[in-house]
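# 3D model of this:
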Amino acid sequence: MGGSPMSSGQPRVFVTRRIPDAGLALLRDAASVDLFDSGMPPDRDELLARVAGVDGLLCLLTDRVDDELLDAAGPSLRVVSNLAVGYDNIDLAACARRGIPVGNTPGVLTEATADLAFALLLAVARRLPESERFVREDRWVTWDPLLLLGREVSGQTLGIIGFGRIGREVARRARGFGMRVLYHSRSRAPEPVETELGATMVDLDTLLGTCDVVSVHVNLTPETRHLIDARALATMRPGSILINTSRGPVVDQAALADALRSGHLFGAGLDVTDPEPMRADDPLLALPNCLVLPHVASATDTTRARMAEKAARNVLAGLRGEPLPDAVPLPAV
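Model (predicted):
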């Protein structure tokens, strides 16, 4: 493991953004905390300067942790903790070469993310953003039997790509709407889980071509980048809906814009984009059938506090030379 055990002097920890007090309080009880006290991430030069000589780093998805940053931190760095479930911003091989453990925050945001995914599903299917704008723009003049017709959700077929914690919780919510659930994943879920959730594993093309709604819940890897590309979108059932709460680059956004513009897809709901933040002139934002949120799936006070606590506990364990409570598997070096 990189660095030496915690000494009698307080170790130094750099926190790259304002985070909930629940996490900061834990760190300040045991370490000297240098907080980048802003709602915006530090620029690259600031980040490289502030990590110099620190013992622990608590970072966010916006912070690229690579050889350059690890070299800037130097040999004192003992632990990197990401306040997120995903960790595609961290070069795991670079950390492994230096013996630096990496932590993340799984589990605590499962419910909030599943809630948000289903909220997107309902909002897109029932055209809620369009309806709300319709009222605000003073265009509502009478009840009209053909006004803003959406799609049924109850009794429809939901396809879930990635059947981990979050995907399974989305399936659980779908049961309340009487939805049929198909899923595609790297490995099959245990039979009791399939039975409980009423879920059936199928190949990706079958899922895309069968489902009324497709919800994406995979990690971003080289294999999943643009998993939902022009071919996949063309395979989707005409008039279906795409929901993405995983990572922006999993979806080819140019191809998605084409599929929405042509009417092949009824709509899309995105909590993640490529890049983040999305520019205001992005073609997707000009489409009334595309709902885009600013990566807020875990944005509840309870969930963010728990994430901050988990991230802090990973840092503290790393400083003590103990196994991280939520360690990311590192590649062999």
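# what comes up buried for stretch 223-230?
224, 226-229 (16 or more other CB atoms under 10 Å). For glycine as for every other residue, the C-beta is placed from the backbone atoms N, C-alpha and C.
# How much space separates V296 from R139?
In this view, V296 and R139 are 28 Å apart by CB to CB, to the nearest Å.
# Equivalent analysis for R186, please.
Taking CB to CB, one finds R186 at 47 Å from R139.
# Likewise for E152?
25 Å.
# And V181, by the same measure?
Distance from V181 to R139, by CB to CB: 37 Å.
# Double-check that F266 belongs to a strand.
Yes - counting by DSSP: H, G, I helix; E, B strand; the rest coil, F266 is found in a strand.
# contacting residues around it?
Contact analysis of F266 by CB atoms under 8 Å, 6 or more residues apart in numbering lists 124-125, 151, 239-241, 289.
# Now go through the residues you listed and say which are in strands.
Mapping the contacts of F266 onto strands (DSSP state E) picks out 240-241.
# are any of the contacts of F266 buried, and which?
Here, 16+ other CB under 10 Å leaves 124-125, 151, 240-241, 289 buried among the contacts of F266.
# can you give me the strands for the stretch 201-333 of the chain?
213-216, 240-244, 265-270, 290-292 (DSSP state E, counting those that start in this stretch).
# Average pLDDT for the third one, rounded please.
It stands for strand 265-270. Computed over strand 265-270, the mean pLDDT rounds to 98.
# Dump the C-alpha coordinates for it into CSV.
Below are the C-alpha coordinates for strand 265-270, written out as CSV (Å, rounded to 0.1, in the frame of the first residue of the first chain):
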residue,chain,number,x,y,z
LEU,A,265,-38.4,6.8,-30.9
PHE,A,266,-41.3,8.3,-29.0
GLY,A,267,-39.0,10.0,-26.5
ALA,A,268,-35.9,9.8,-24.3
GLY,A,269,-35.0,10.7,-20.8
LEU,A,270,-31.4,11.4,-19.9
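# Show me this protein divided up by domain.
Here the domain assignment for the chain is 12-108+301-319, 110-292, based on automatic domain parsing.
# Closest to the centroid, which residue in this structure?
By CA atoms, centre = their mean, the chain has its centre lying nearest to S246, at 4.4 Å.
# shouldn't it be in contact with V214?
No - S246 lies out of contact with V214 (CB atoms under 8 Å); the separation is 11.7 Å.
# what's V15 in contact with, if anything?
Contacts of V15 by CB under 8 Å, 6+ apart are 24, 27, 33-36, 58.
# ok, 7 Å please
33, 35-36, 58 (CB atoms under 7 Å, 6 or more residues apart in numbering).
# could I get those as JSON lines with secondary structure?
JSON lines is the format used below for those (three-state DSSP):
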{"residue": "V33", "secondary structure": "strand"}
{"residue": "L35", "secondary structure": "strand"}
{"residue": "F36", "secondary structure": "coil"}
{"residue": "L58", "secondary structure": "strand"}
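# closest to R44 among these?
Nearest to R44, judged by CB to CB, of the contacts of V15 is F36 at 12.7 Å.
# Tell me which residues touch the closest one, please.
Taking CB under 7 Å, 6+ apart, one finds 15-17, 42, 50 in contact with F36.
# Roughly how far does it sit from V15?
From F36 to V15 the distance is 7 Å (CB to CB).
# Show the end-to-end separation of stretch 150-165, please.
29 Å (CA to CA, to the nearest Å).
# any residues touching that stretch, and which ones?
Residues outside stretch 150-165 that contact it (CB under 7 Å, 6+ apart): 107, 110, 121-122, 125-127, 167, 170-171, 174, 177-185, 189, 207-208, 210-218, 246, 266.
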